[in-house]
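Q: kindly return the folded structure for what I paste below:
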Amino acid sequence: MPAIRTARELARAELTSQIKAEARRQLAEHGAQRLSLRAVARELGMASSALYRYFPSRDDLLTDLIIDAYDALGAAVEQAVEQAAGRGSAAGGRARWRACCHAVRRWALANPHEYALIYGSPVPGYQAPRRTVEPAGRVPAVIGSILTGARTAADAAELPGQLATQAALIGSVIAPGLPEPLIARALVAWTQLFGMVSFELFGQLAGGADPADSFFSFAVEQMAGYLGLPG
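A: Numbers count the residues shown, from 1 in each chain. The predicted model follows:
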């Protein structure tokens, strides 16, 4: 039986949601570097001392916003891949890879400021705590699951020592048992995916491959081939 939340707990959850909504509005207007607890409290008509009971520091608030953004992106990608996997004969690894990539791009274009918070320039003085690691790993875990569930035909060339160690570490988290050369290819594809999205979102494709629909779809297929996903 689900726990019954008290009126105080509900009120706290509602005010926490309002605080984070105002903080996101300020992110969009001023950027993460200028996020201020005092400014958030002022806009909500709260005393700063009252807001500190919810978020003791700006970094605590930033951390919650970062985790929310990673979780929202992760949920969007997981849902898209799950839907692709439910389409019968179209449920191959390449179809799921496409679904993953296009879900990342859709979410980023719909939530540019949240995307910039997690994949843009680091906020000076802020160091993400350990509890951001698991939410940040949701999309890589989806990519790992796609490769684990697909019959890939990627080249298994031996990796140099340092990269082999790194690939083994990454693989132990996102896809245990997957060959290290394929994990290295997954790392290439993952960074290319987010690099393409960042280039588009931050205006680096203007005057060239903008609008980026065709370029993005082409690159997704090229990376699917690089990963050895049949299609």
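Q: CA only for contacts and neighbour counts going forward, please
A: Noted.
Q: run through who's touching stretch 74-94.
A: With C-alpha atoms under 8 Å, 6 or more residues apart in numbering as the test, stretch 74-94 has contacts from 95-97, 99-101, 103-104, 107, 135, 138-139, 142, 146-147, 149-151, 224, 229-231.
Q: quick check on these: which are buried?
A: Buried by 16 or more other C-alpha atoms under 10 Å: 95-97, 99-101, 103-104, 107, 135, 138-139, 142, 146-147, 150, 224, 229, out of the contacts of stretch 74-94.
Q: neighbours of the closest residue to His113 other than its chain neighbours, how many?
A: Using C-alpha to C-alpha, 6 or more residues apart in numbering and skipping the chain neighbours, the partner closest in space to His113 is Ala28 (5.6 Å). Neighbours of Ala28 under the rule other C-alpha atoms under 10 Å: 17.
Q: can you pull the pLDDT of Ala28?
A: For Ala28, the pLDDT comes out at 94.
Q: go on, Asp155?
A: Here the pLDDT value assigned to Asp155 is 71.
Q: and what about it, helix, strand or coil?
A: Of the three states, Asp155 takes coil under DSSP: H, G, I helix; E, B strand; the rest coil.
Q: show the contacting residues for it.
A: Asp155 neighbours (C-alpha under 8 Å, 6+ apart): Pro181, Leu182, Gly228.
Q: from Ala103, how far out is it?
A: Plainly put, Asp155 is 27 Å away from Ala103 if you go by C-alpha to C-alpha, to the nearest Å.
Q: any idea which helix or strand comes after the host helix or strand of the residue nearest to His113?
A: Per DSSP states H and E: Ala28 is located in helix 7-30. For helix 7-30, the following helix or strand on the C-terminal side (DSSP H and E) is helix 37-44.
Q: can you give me the helices for this structure?
A: Taking DSSP state H to define them, one finds helices in the chain at 7-30, 37-44, 48-51, 58-85, 93-110, 112-119, 133-136, 138-149, 161-174, 180-201, 213-226.
Q: avg pLDDT for the longest one?
A: For helix 58-85, mean pLDDT rounds to 97.
Q: buried residues in it, which are they?
A: Residues of helix 58-85 classed as buried: 58-63, 65-78, 80-82, 84-85 (neighbour count, 16+ other C-alpha under 10 Å).
Q: also the last one?
A: Taking 16+ other C-alpha under 10 Å as the basis for neighbour counts, the residues of helix 213-226 that come out buried are Phe216, Ala219, Val220, Glu221, Met223, Ala224, Gly225, Tyr226.
Q: next one: the first one
A: Neighbour counts over helix 7-30 (16+ other C-alpha under 10 Å) mark Ile19, Lys20, Glu22, Ala23, Arg24, Gln26, Leu27, Ala28 as buried.
Q: what do you get for the third one?
A: Neighbour counts using 16+ other C-alpha under 10 Å place Leu51 of helix 48-51 among the buried residues.
Q: before we move on, what about the second one?
A: Judged by neighbour count using 16+ other C-alpha under 10 Å, the buried positions of helix 37-44 are Leu37, Arg38, Ala39, Val40, Ala41.
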